[in-house]
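Asker: sequence first, then the predicted structure:
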Amino acid sequence: MSSKMLKSVMAAALTSGLFTGAVQAYEAGDWLVRGGIWGVFPESDNLTFNLTPRQRVTLDVDDGYSLGFNITYMVNPNIGVELLGAWPFKHDISISGLGKVAETKQLPPTVSVQYHFMPSGSIHPYVGLGLNYTTFFSEKTKGALQGASLKLDDSWGVAGQLGIDVDVAPNWFVNADLRYISIETDAKVNGDDIGTVKINPWVFGLNVGTHF
């Protein structure tokens, strides 16, 4: 599913929610649990390096999609603490002029503090700021790098967040969530450091949630 399709589905879901009339207020001690489909969209031209002394190339990490979830505990009606988790995302890695040369999987658990602007009513927008830890694993090389060893180091970074919950039934809501996460990883091929891969993705999720 492309980012355009995700945004279209999000718009349709939120629009339907606006006409349900369901209302639920967030209070201290409440839990919000959301789950749905998530996309990770890295910035382009993630790393430029010398493949050989005379060949300078660009490495790109493509988009990844997976199922994700988050759990928020409301400290008070406006402040929540959230944990983001997901099933692993898989990304293809390409080098300019050589095509796909590797793939990797990653998990990006993130802890955020959120501010909910409208804890009462049926629409609940919020912002968040948090800390992300991304671990890379199952790196595999292919194509021009077939047989080489690729290693991507784990990453720590800041994560910013914009989101909205729209009530659709008692204790149920639909959610749209957009984040920018600072993810940078040092890449090694056959033990040699080739540089820092600046992934720095936009992360978008469309979820169904429950409130209790």
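Answerer: Cool, got the structure.
Asker: so in the chain, which strand runs the longest?
Answerer: Ranked by residue count, the top strand of the chain under DSSP state E comes out as strand 123-141.
Asker: pull out the buried positions in it.
Answerer: 123, 124, 126, 128, 130, 132, 134, 136, 139, 141 (16 or more other C-beta atoms under 10 Å). Where C-beta positions appear, they are placed from N, C-alpha and C, glycine not excepted.
Asker: looking at the residues you listed, which is nearest residue 170?
Answerer: Closest approach to residue 170 among these (C-beta to C-beta): residue 124, at 14.7 Å.
Asker: now that closest one. Nearest residue, chain neighbours left out?
Answerer: Closest residue in space to residue 124, ignoring its immediate chain neighbours: residue 165 at 4.2 Å, by C-beta to C-beta, 6 or more residues apart in numbering.
Asker: okay, now that neighbour: neighbour count?
Answerer: Residues within reach of residue 165, counting by other C-beta atoms under 10 Å, total 27.
Asker: least trustworthy helix or strand in the chain by mean pLDDT?
Answerer: Within the chain, confidence by mean pLDDT, DSSP states H and E is lowest for helix 3-18 among all helices and strands, at a mean of 53.
Asker: just checking, residue 81 touches residue 114?
Answerer: Yes - counting by C-beta atoms under 8 Å, residue 81 touches residue 114, with 7.4 Å between them.
Asker: and those two? which has more neighbours close in?
Answerer: The neighbour comparison of residue 81 against residue 114 (other C-beta under 10 Å) goes to residue 114, with 21 against 15.
Asker: just checking: what are the partner strands of the helix or strand that one falls within?
Answerer: Assigning secondary structure by DSSP states H and E places residue 114 in strand 110-116. When pairing is defined by DSSP bridges, strand 110-116 lines up against strand 79-86 (antiparallel), strand 123-141 (antiparallel).
Asker: how far is the first one from where the chain is centred?
Answerer: A distance of 12 Å separates the centroid of the chain from that of strand 79-86, by C-alpha atoms, centre = their mean, to the nearest Å.
Asker: run through who's touching it.
Answerer: 26, 32, 38, 66-75, 107-116, 126, 128, 130 (C-beta atoms under 8 Å, 6 or more residues apart in numbering).
Asker: how about it: buried residues?
Answerer: So, applying 16+ other C-beta under 10 Å, buried residues of strand 79-86: 79, 80, 82, 84, 86.
Asker: who does the residue nearest to residue 124 form a beta bridge with?
Answerer: residue 124, residue 175.
Asker: hmm, residue 177 and it touching each other?
Answerer: No - at 9.3 Å, residue 165 does not count as touching residue 177 under the criterion of C-beta under 8 Å.
Asker: counting neighbours, what do you get for residue 67?
Answerer: Residue 67 - counted by other C-beta under 10 Å - has 15 other residues nearby.
Asker: now the helix or strand it falls within: average pLDDT?
Answerer: Residue 67 belongs to strand 64-74 when assigned by DSSP H and E. Across strand 64-74, the average pLDDT comes to 97.
Asker: and for stretch 170-182?
Answerer: Averaged over stretch 170-182, pLDDT sits at 96.
Asker: in which helix or strand does residue 147 reside?
Answerer: Following DSSP H and E, one finds residue 147 outside all helices and strands.
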